[in-house]
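K.L.:
Using only what follows, build the 3D model:
(one chain, ligands or ions: 1)
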Amino acid sequence: MSAPNTPATAQAALPPLETLVACPACDLLMSVPELTSETRCRCPRCHHLLYAPRKQIFAKVIALSLTVAILMVGAVFFPFLQISAGGISHASSIFDAALAFSDGLLLPLSVAVMALIVVLPMLRVTLLIYTLWPLSQGHRPWPQARRAMHFSEAIQPWSMAEIFVVGAVVALVKLAGLATVTLGPAFWAFGLLVVVVTVKDNLICDWTLWQALDTPR
Ligand SMILES: [Zn+2]
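P.N.:
The predicted structure follows:
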C-alpha cells in the first residue's frame, strides 16, 4: 500500500522559500536565478520584467520622474482651458480652479483636489528620486530610503492625476455643446504627464529596487 500524500510531505518537497520568487503579474513561482549587475530576466509565462540592470533602470526612472515634476509645474500654473460664450471669454488654470473653492464649506474640496492631483504625485516622484539617486551612482542608500520607498508605494493608489484627466475630458465633451472650449497648454501637459507616469510605473521593477536597497553595491 502506498503512503498517502499528506500536506506535510508535499511541503517537505518544496525548496526553501528564500530560493523562490513569484512573478508580480501572473504569480508564477520560480527559482531565483543567479543575479549579476547585467542580469535581465523576464517571467517565462507572461514576459513581465522581473529583474534588470539596476543602473540603467534607475537612470531612466529618475529621468522620467524629473519629467513628471517639470510637466506638473506647467500643468498647474499654465491655462488649462479657455471657455468663450456670448462674447465673454475666461481662461483658468488648475491652481485658479482649486482656489475658486477655497471659501467656506468647499475649502476641504479645494484641499483634496490639490492634494490628490498635485501634491501626492509630486511627493511620489520626490521620494523615488531620493531613493534611486544614490543607488544609480553605486552609493549606499540615503537614510530612511526603505521607509521612503514604502511610503511612495502606499500613496500610489491616492495619486489621481490620470483620473482627473479622464474626468476633465468627460466634462469638456458635455461643455463643448454649451460654449466654445479652447484647450490650454496645461491640458496637454497633463495628458503627457499621465503617459510619462504610466511608463515610469511600468519601468520600476520591484525586485531590482529592493535588491538594490538590500545590497547597494
Ligand atoms: Zn508572469
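K.L.:
in the top helix by length along the chain, what counts as buried?
P.N.:
Longest helix of the chain, by residue count under DSSP state H: helix 54-77. Of all the residues in helix 54-77, those buried under the rule 16 or more other Cβ atoms under 10 Å are 54, 57-58, 60-62, 64-65, 67-68, 71-72, 74-76. Where you see a C-beta, it was placed from the backbone N, CA and C, and this is true even at glycine.
K.L.:
before we move on, what about stretch 22-34?
P.N.:
Buried, per 16+ other Cβ under 10 Å, within stretch 22-34: Cys23.
K.L.:
do that stretch and the ion meet?
P.N.:
Yes. For stretch 22-34, a contact with the ion is found by Cβ under 5 Å from the ion, at 23, 25-26, 28.
K.L.:
Now for the residues you listed: which two are most distant?
P.N.:
Ala25 and Leu28 (8.6 Å; Cβ to Cβ).
K.L.:
got any residues that touch both of these two?
P.N.:
Overlap between the contact sets of Ala25 and Leu28, as judged by Cβ atoms under 8 Å, 6 or more residues apart in numbering, is given by 43, 46.
K.L.:
Look up the closest residue to Ile155, ignoring the ones flanking it.
P.N.:
In space, Ile155 comes closest to Leu120 once its chain neighbours are excluded; the distance is 5.4 Å by Cβ to Cβ, 6 or more residues apart in numbering.
K.L.:
and that neighbour, what element?
P.N.:
helix 120-136 (DSSP states H and E).
K.L.:
Pull the residues that contact the following helix or strand past that helix.
P.N.:
The helix or strand immediately downstream of helix 120-136 is helix 145-154, counting by DSSP H and E. Helix 145-154 is touched from outside by 123-124, 127-128, 130-131, 134, 209-210, 213, with contacts defined as Cβ under 8 Å, 6+ apart.
K.L.:
Apply 6 Å and report the result again.
P.N.:
Residues from elsewhere that reach helix 145-154, judged by Cβ atoms under 6 Å, 6 or more residues apart in numbering: 124, 127-128, 130-131, 213.
K.L.:
And the helices in the protein?
P.N.:
7-13, 54-77, 94-99, 107-114, 120-136, 145-154, 161-175, 185-203, 206-214.
K.L.:
and of the ones you listed, who's closest to Leu35?
P.N.:
helix 206-214 (6.9 Å).
K.L.:
Kindly format the C-alpha coordinates of the closest one as CSV.
P.N.:
Extracted C-alpha coordinates of helix 206-214, given in CSV (Å, rounded to 0.1, in the frame of the first residue of the first chain):
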residue,chain,number,x,y,z
ASP,A,206,10.3,45.9,-7.5
TRP,A,207,12.7,43.0,-7.3
THR,A,208,15.6,45.1,-8.7
LEU,A,209,14.8,48.0,-6.4
TRP,A,210,14.5,46.1,-3.2
GLN,A,211,17.6,44.0,-4.0
ALA,A,212,19.5,47.3,-4.6
LEU,A,213,18.3,48.6,-1.3
ASP,A,214,19.5,45.4,0.5
